[in-house]
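Novice: pasting the sequence and the predicted model now:
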Amino acid sequence: MADTMEVDAGVEEKKGEEQKVPATAASAPGKKGNNIMLHPLTVITISDHHTRVSTGGGAQEAGGRVIGLLFGSQNGRDVSIYDAMEVACTAVGANGLELNEALVEKQKNLYTAVYPMYEILGWYTVGTEVTELDLGIQRQMTKFNSSPLFLLMNPSPAQGSKELPVLIHESESHMLDGVAQSTFVQLAFQLETTQAEQISVEHVAKATPTDGISSIDLHAGAVSTSLRTLLARIEILRRFLEETKKGNISVDYPLLRQISSICNQLPTMDGAQFSEEFMREFNDSLSVAYLASVQKSAGSMNDLADKFMTAFGHRRPI
């Protein structure tokens, strides 16, 4: 990771230009350096933290500042951000924040005790742009990492945007008029997932219930909703045909032909062929259920026989 205290050799020649750039302004995105890989669990954790704070569903007060730690590993130029953990801050003055260093150290020790291969790589927050307040927290984080990463998540991305609303920065220091000025520089990164993470993310993305409802109940609910929608559509067509027959609606021949085409595709419910096929399928279903019950009973009897032989098979008769 690039050293935080870099000095730009050409700054002195461009003092007039550099003084126009705010201290918190980020340079052009996608600076190449380390190979930064962001894992989806980090994004999910930050999003969950923001949701709990914004809705008042956590220990932190509603609408408070969302700040946490980034954990991962670094191997040479390869940096992997695997997880995140929220951390508490205290307000200092009107616009200042101060990290609870004792709590950060405690959370670090607890996390590394479970995952000794991980370390603190930086911190995260939620917002639309970088501020002076973020630079203050960045300087505090240097006590735990000499060059911490800063992840900024935008909670309100543009509608229809397909880009991940996440930016990763690192801080650099430049000499301006003999004074060190800090600024954030955006870094290029890519999403990386392991097989276990892919399974977990797919499971979270699905509408899984939390009240013990089985997947069969979910499927039955979806089928029930589809049937109710179908019945509602059929009722609309039936009312249209009745009103057309009574003369309350003008005859629309193209629409009537479409309805007739749909009806011709349906089976005749009262015909002998439908009744025969229905009874055949019904009997097949009953046969499968009966065979499954017999197989289950045979399996249970086999288990019982094995247990009986294990317990009494080696005993001599009296």
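Specialist: Sure, I can see it.
Novice: tell me where the model's unsure across the stretch 101-250 of the chain.
Specialist: 202-216 (pLDDT under 70).
Novice: so which bits of stretch 143-155 are buried?
Specialist: The neighbour-count check on stretch 143-155 (16 or more other C-beta atoms under 10 Å) flags 144-145, 147-154 as buried. C-beta: built from backbone N, CA, C; applies to glycine.
Novice: now do that stretch: distance to the chain's middle.
Specialist: 20 Å (C-alpha atoms, centre = their mean, to the nearest Å).
Novice: try stretch 122-133
Specialist: The answer for stretch 122-133 is 20 Å, by C-alpha atoms, centre = their mean.
Novice: first-to-last residue distance for it?
Specialist: With C-alpha to C-alpha, to the nearest Å as the measure, the first residue of stretch 122-133 is 16 Å from its last.
Novice: partners of the longest strand belonging to the chain, with directions?
Specialist: Longest strand of the chain, by residue count under DSSP state E: strand 179-191. Sheet pairing here is set by DSSP bridges, and for strand 179-191 it gives strand 31-38 (parallel), strand 166-176 (antiparallel).
Novice: right, and the helix or strand after the first one?
Specialist: When you say that, I think you mean strand 31-38. helix 40-55 (DSSP states H and E).
Novice: which strands and helices sit next to the next helix or strand after that following helix?
Specialist: The helix or strand immediately downstream of helix 40-55 is strand 67-75, counting by DSSP H and E. Using 3 or more C-beta pairs under 8 Å, 6 or more residues apart in numbering; DSSP states H and E as the contact test, the elements touching strand 67-75 are helix 40-55, strand 78-86, helix 101-114, strand 119-126.
Novice: among the buried residues of stretch 143-155, which lie within strands?
Specialist: Reading strands off the buried residues of stretch 143-155 with DSSP E, I get 149-153.
Novice: quick one on the thing from earlier: most packed of the helices and strands packed on strand 67-75?
Specialist: Here the criterion is mean neighbour count by mean count of other C-beta atoms under 10 Å, and of those the winner is strand 119-126, at a mean of 23.
Novice: residues contacting it, please?
Specialist: The contact list for strand 119-126 (C-beta atoms under 8 Å, 6 or more residues apart in numbering) reads 42, 46, 49-50, 65-74, 79, 81, 84, 87, 108, 112, 134, 137-138, 141, 144-145, 148-155.
Novice: partner strands of it, with direction?
Specialist: strand 67-75 (antiparallel), strand 149-153 (parallel).
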